[in-house]
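**Student:** Build me a structure from this.
(one chain, ligands or ions: 1)
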Amino acid sequence: MKFQAIKGVRDILPQESALWNRVEQAAREVFGTFGFAEIRLPILEQTQLFARSVGQETDIVSKEMFSFQDDEFPELHEFRAFLIFHQLSISNTTPFDLFKAQATGFVGKLARHLERSELPKTPESLRAIKEIPLLLMTLEKIHQEYAQDASSQLQDKFDLNLSHIREHLRAVQLGDNLSLRPEATASVVRAYIEHGMQVLPGNVKLYYMGPMFRRERPQKGRYRQFYQIGAEVLGASDAPGIDAEVIEMLMRLFERLNLMGTVLSVNSIGCKNCRPAYLERLRDALREIRDAWPPRLEHDTLRRIESNPLRVLDSKVESEQAVIEKLPRITDHLCAECRAHYDEVKRQLGLRGIAYQENWRLVRGLDYYMRTTFEITAPGLGSQNAVCGGGRYDGLVELLGGPATTKGIGFAIGTDRLVLSLQESGVGEVSGGPARPAGGLDVYLAWFGAAAQTAAVGLVRRLRDAGFVVELPAVEMKFGKSLGLADRLKARHAVILGEDELAAGVVAVKRLADGTQQKLAEQDLFSYLRAARDF
Ligand code: HAM
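**Tutor:** Residues are numbered from 1 along each chain as shown. The predicted structure follows:
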């Protein structure tokens, strides 16, 4: 069997990883100058964390997460399966006693695990440990009555109680529901609350980088395992200057990377005071269109009218565009505070010389946003051209159980798309230029003879300690073959060490670009290589 990477995931090979490293390094440097520190987050979290923050109704949570139920106690699963599928009849004494003993044992174990918080304390599990013992007692009574008077009525009662027990058993959750993270803002907020970061002075500024997982239909720039570089600011202030500075930081990074042609779009989607009234307006307008003839909205849009009408504004369906353009706009229905906040964000962007365009349809696909939302597109990406998305999420910390006073704003860059855009624009060419992988190979050290090998091992160590990239053949090769390999590896120099050189206390250095060769003592070799590198 031949294994291949699964659908929507891919390997990032060394030719490309050099550029990835450069991008990540630039982000560390730029974010560092804005006072951000790195947080490393787990890739697995409780499914509920994303359901509550990103939103149950969003595509990400409802369709795209890779989720599973953890199974830390496999014996409980077997136990339960035995109880659910065990053939039990009222007329048979031994199986009933066995069933009762097993069910009691199961409930006991379950209660112990719940008490130690080793299993999720769902209402269903708590109900099961309370109800099953009572149902077992009733069952036993019926069983005993049946021994005196074997009526079919008792038989029905027995079966009914038994089915109740089985329902309770089925409802018990025997492990945490976990998901591979589809994004990391929820994790940052979870960590912020878990580690009591609200006591830290000033704003807490964190950045992260790493893989995210969404079961989307793969295409250029869209993967199931993709990478993000993100940053979040959490703290008591929601000053518009924070929004503008976060965006400025992004722009500095893109500038540093020579990413040209980016377009920044901004919007405000209001707050819990003004958005509900706007949503009703929007829904009413959409219902009117829905009920008119001829039909002008697609199935997905129709569904969203009731569940999540803001997302209708996201529609890319060509035939719906004219209709959507005439819908009420949130920016015309902001409350005074949101309007003032939005105006100030724009003023502060201007102050920093950051060009932007306003897009009233920029609502984003995650539920936690309020007020400022923004997105940046980059060239060369086709339809998946959003290289970064972000926004303010002031209520999220409170929603996840933290202090109501903590506000938040942040963004995530799609690293795959950023790299792709750099490559498309030629900035990320691997050969030559700043993206060359770690400077390439400085020295290929060709040795000939056992004594030369010993000397070569020592020399290589000293060269590497001095920071040169060196390749040392592990076995002796013929001269021509060895130098041929040095060429193919694109080494800048072949350093040749044979018996003659050893005896003379020198090495031969060949510059592979033009074949010039000279003999040097070790200390001269180092300064020669250093000069060649700087050149
Ligand atoms: P998002 O818009 O879902 O926001 O993702 C941010 C960026 O991740 C997108 O603009 C895109 O570049 C990239 N991205 C998303 N899905 C994929 C995919 N399937 N394949 C490749 N790239 C992808 C968030 O995730 C928010 N957590 C951002 C945020 C941080 N908001 C506030 N703080």
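**Student:** helix or strand for the residue positioned nearest the centre of the chain, which one?
**Tutor:** Central residue of the chain (CA atoms, centre = their mean): residue 212, 2.3 Å from the mean position. Residue 212 belongs to strand 204-213 when assigned by DSSP states H and E.
**Student:** what comes up buried for that strand?
**Tutor:** Using 16 or more other CB atoms under 10 Å as the test for burial, strand 204-213 gives 204-209, 211-213. Using the backbone N, CA and C atoms, a C-beta is placed for each residue, glycine as well.
**Student:** Off-centre distance for that strand?
**Tutor:** Mean-position distance between strand 204-213 and its chain equals 8 Å (CA atoms, centre = their mean, to the nearest Å).
**Student:** and that strand, average pLDDT?
**Tutor:** Per-residue pLDDT values over strand 204-213 give a mean of 98.
**Student:** can you check stretch 285-299 too?
**Tutor:** The pLDDT scores in stretch 285-299 average 87.
**Student:** Just the residues contacting it, thanks.
**Tutor:** 302, 305, 309, 312, 315, 317, 319-320, 323, 327-328 (CB atoms under 8 Å, 6 or more residues apart in numbering).
**Student:** which residues are contacting stretch 137-157?
**Tutor:** The set of residues external to stretch 137-157 that reach it, using CB under 8 Å, 6+ apart, is 90-91, 96, 100, 158, 161-162, 165.
**Student:** Just to check, the residue nearest to the centre of the chain is in contact with residue 228?
**Tutor:** Yes. At 5.4 Å, residue 212 and residue 228 qualify as touching, with contact defined as CB atoms under 8 Å.
**Student:** Now for those two: what residues contact both?
**Tutor:** By CB under 8 Å, 6+ apart, the residues touching both residue 212 and residue 228 are 183-184.
**Student:** Find the closest residue to the ligand in the stretch 401-535 of the chain.
**Tutor:** Nearest residue of the stretch 401-535 of the chain to the ligand: residue 414, at 2.2 Å (CB to the nearest ligand atom).
**Student:** Next, that residue: phi, psi?
**Tutor:** Note on residue 414: its backbone torsions stand at phi -80, psi 110 [degrees, to the nearest 10].
**Student:** Alongside the ligand, which residues does the stretch 101-250 of the chain contribute?
**Tutor:** The stretch 101-250 of the chain has residues 183, 185, 214, 216, 221-223, 226, 228, 230, 232 near the ligand, with proximity defined as CB under 6 Å from any ligand atom.
**Student:** Check the chain too.
**Tutor:** With the criterion set to CB under 6 Å from any ligand atom, the chain comes near the ligand through 183, 185, 214, 216, 221-223, 226, 228, 230, 232, 365-366, 386-391, 410-412, 414, 416-417.
**Student:** The residue of the stretch 1-150 of the chain found nearest the ligand and residue 216, how far apart?
**Tutor:** Relative to the ligand, the nearest point of the stretch 1-150 of the chain is residue 60 (7.0 Å; CB to the nearest ligand atom). Distance of residue 60 to residue 216, given as CB to CB, to the nearest Å: 9 Å.
**Student:** ok, those two, which is more surrounded?
**Tutor:** Between residue 60 and residue 216, residue 60 has the larger neighbour count (other CB atoms under 10 Å), namely 20 against 17.
**Student:** show me the contacts for that one.
**Tutor:** Contacts of residue 60 (CB under 8 Å, 6+ apart): 50, 54, 182-183, 214, 365-366.
**Student:** repeat that for 10 Å
**Tutor:** With contact taken as CB atoms under 10 Å, 6 or more residues apart in numbering, residue 60 is in contact with 50-51, 54, 182-183, 212, 214-216, 365-367.
**Student:** Please apply the same query to residue 217.
**Tutor:** Taking CB under 10 Å, 6+ apart, we find residue 217 in contact with 7-8, 64, 224.
**Student:** Among the residues you listed, which pair sits farthest apart?
**Tutor:** Spatial extent of the contacts of residue 217 (CB to CB) is set by the pair 7 and 64 at 13.3 Å.
**Student:** Can you list the buried residues in stretch 314-324?
**Tutor:** Using 16+ other CB under 10 Å as the test for burial, stretch 314-324 gives 314-315, 320, 323-324.
**Student:** Quick one: name whatever helix or strand follows the lowest-mean-pLDDT helix or strand in the chain.
**Tutor:** The helix or strand of the chain with the poorest confidence is helix 299-307; it has a mean of 88 (mean pLDDT, DSSP states H and E). Per DSSP H and E, helix 299-307 leads on to helix 321-325 as the next helix or strand towards the C-terminus.
**Student:** other SSEs contacting that following helix?
**Tutor:** Packed against helix 321-325, as judged by 3 or more CB pairs under 10 Å, 6 or more residues apart in numbering; DSSP states H and E, are the following elements: helix 275-291.
**Student:** that older thread, list only buried entries from the contacts of residue 217.
**Tutor:** Of the members of the contacts of residue 217, the ones counted as buried by neighbours, 16+ other CB under 10 Å, are 8, 64, 224.
**Student:** Give me the buried stretch members for the least confident helix or strand of the chain, please.
**Tutor:** 301, 304-305.
**Student:** Now distance to residue 398 too, for these, in TSV please.
**Tutor:** Below are the buried residues of helix 299-307 laid out as TSV (distance: CB to CB, whole Å):
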residue	distance to residue 398
301	32
304	26
305	29
